[in-house]
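[1] Fold the following.
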Amino acid sequence: MKTLKRTVIFSLRCLVLCGAAFLGLTSVPASAEQALTCAVTPGNIPITFTYHGAQLTITGQSASSDDLVVTISTEPEDAVLKYKAKVGGLVWMKKGNLDFKGVPAIYLLQSTAELTRILNEAERNQYQFGYEALRQRVVIEDNQGNAAEGKWFDEYLKFKKKEMVYDIQEGTVVRQHGEKGNTYQVNIAWPYQAPPGTYTVKVFSVRDGKVVGQAADQFEVQRVGITAALSKMAFEHAAWYGIMAVVIALLAGLAVGAIFKKGGGSH
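    Reported below is the predicted structural model:
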């Protein structure tokens, strides 16, 4: 009887230990796999005389089954653009201003696949993924405060794309699966037209049509050296800055004139 009792107790202990070991083996990798991280390099972009934008590299880890959306976008703000129209059906002239309310100044987005395939419409609108999501939020008014035609948003997009501060690239996030985990990488061409400031990179993990997690990192764009000094002078000592600009223009004109006079002649 005692032998049977010991056997039963031993069997129960084995079952408990096996169950705990199974839970430990299944829970640890799953939780580790779900971790989403984000890091951007370089963390600081200096604006010098030779500055013409930069190359950003965004890396991190994510769950292997999740899709990813990477964004660099400023908070919504108001923008004013001038527009032209034909007067008398012949001459193009500036007719007035259009106010765009609730639009980001910078909007760069990359993803692992097409947004319409990996995200439902409600999620795209909530997180402002895609130009159609932006279109639904923006309010466009003319000089009198009347709602303007929807076509002007398309013109606004053309302008922003030409400046290279708006860009969407789908299916460009590179995924790698190896011994060190599931990693991703995306390269973004940072436009020189973007103003100095601190910018936030956000990475969203997507599963079953919804955003299930996000991570972020920041980088800074700032003027340095003589560009910073000239910028400070332009704001704090506008008169002296104007005089200096005129003097430099005159000297440059005299130098060009002297070069042509020396190298050329009358015929």
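
[2] didn't Gln176 look like it was pressed against Gln61?
    No - using Cβ atoms under 8 Å, Gln176 is not in contact with Gln61; the gap is 10.0 Å. Placement of C-beta: from N, CA and C, glycine included.

[3] between the two, who's got more neighbours?
    Taking other Cβ atoms under 10 Å, Gln176 and Gln61 do not tie; Gln61 has more neighbours (19 against 11).

[4] hang on, the earlier thing: quickly list what's touching both of Gln176 and Gln61.
    Common neighbours of Gln176 and Gln61 (criterion: Cβ atoms under 8 Å, 6 or more residues apart in numbering): 182-184.

[5] who wins for neighbours among the residues you listed?
    Comparing those on neighbour count, Tyr184 comes out first with 22 neighbours (neighbours: other Cβ under 10 Å).

[6] State whether that one is indeed within a strand.
    Yes - Tyr184 sits within a strand when classified using DSSP: H, G, I helix; E, B strand; the rest coil.

[7] so it touches Ser62, yeah?
    Yes - using Cβ under 8 Å as the test, Tyr184 is close enough to Ser62 to be in contact (5.7 Å).

[8] how about the helices in this protein?
    In the chain, the segments counted as helices under DSSP state H are 2-33, 115-118, 121-127, 131-137, 151-162, 225-236, 238-263.

[9] Mean pLDDT lowest where, among those?
    Mean pLDDT is lowest for helix 2-33 among these, at a mean of 44.

[10] hmm, back to that, looking at the shared contacts of Gln176 and Gln61, which is nearest Ala133?
    Checking these against Ala133 with Cβ to Cβ, the nearest one is Tyr184 at 22.6 Å.

[11] what sits against the closest one?
    So Tyr184 contacts 59-62, 68, 112, 173-176, 203 (Cβ under 8 Å, 6+ apart).

[12] Make JSON lines out of the shared contacts of Gln176 and Gln61 and add pLDDT.
    JSON lines is the format used below for the shared contacts of Gln176 and Gln61 (pLDDT from 0 to 100):
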{"residue": "Asn182", "pLDDT": "89"}
{"residue": "Thr183", "pLDDT": "93"}
{"residue": "Tyr184", "pLDDT": "96"}
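
[13] and which of these is nearest Asp142?
    Set against Asp142, the nearest of the shared contacts of Gln176 and Gln61 by Cβ to Cβ is Tyr184 (43.8 Å).

[14] The closest one and Gly209, how far apart?
    20 Å (Cβ to Cβ, to the nearest Å).

[15] Outline the domain layout of the protein.
    Here the domain parsing of the chain from automatic domain parsing is 36-73+104-223, 227-254.

[16] Just say which of those domains is most tucked in.
    domain 36-73+104-223 (a mean of 16; mean count of other Cβ atoms under 10 Å).

[17] Ends of that one, what's the gap?
    One end of domain 36-73+104-223 to the other measures 32 Å (Cα to Cα, to the nearest Å).

[18] cool, stretch 39-58 as well?
    First residue to last in stretch 39-58 (Cα to Cα) measures 6 Å.

[19] Show me what it is in contact with.
    38, 59-60, 70, 72, 185-192, 196, 201, 203, 217-228.

[20] which ones are touching the residue lying closest to Ile72 once chain neighbours are set aside?
    Spatial nearest neighbour of Ile72, excluding adjacent residues (Cβ to Cβ, 6 or more residues apart in numbering): Leu108 at 4.4 Å. Listed by Cβ under 8 Å, 6+ apart, the contact set of Leu108 reads 71-73, 165-168, 188.

[21] Among those, pick out the one closest to Glu121, please.
    Nearest member of the contacts of Leu108 to Glu121, counting by Cβ to Cβ, is Ile168, at 16.3 Å.

[22] does Arg207 have beta-bridge partners, and which?
    Judged by DSSP bridges, the bridge partners of Arg207 are Lys210.

[23] my guess is it meets Ser64, correct?
    No - using Cβ under 8 Å, Arg207 is not in contact with Ser64; the gap is 11.1 Å.

[24] That concludes my questions; thank you for your assistance.
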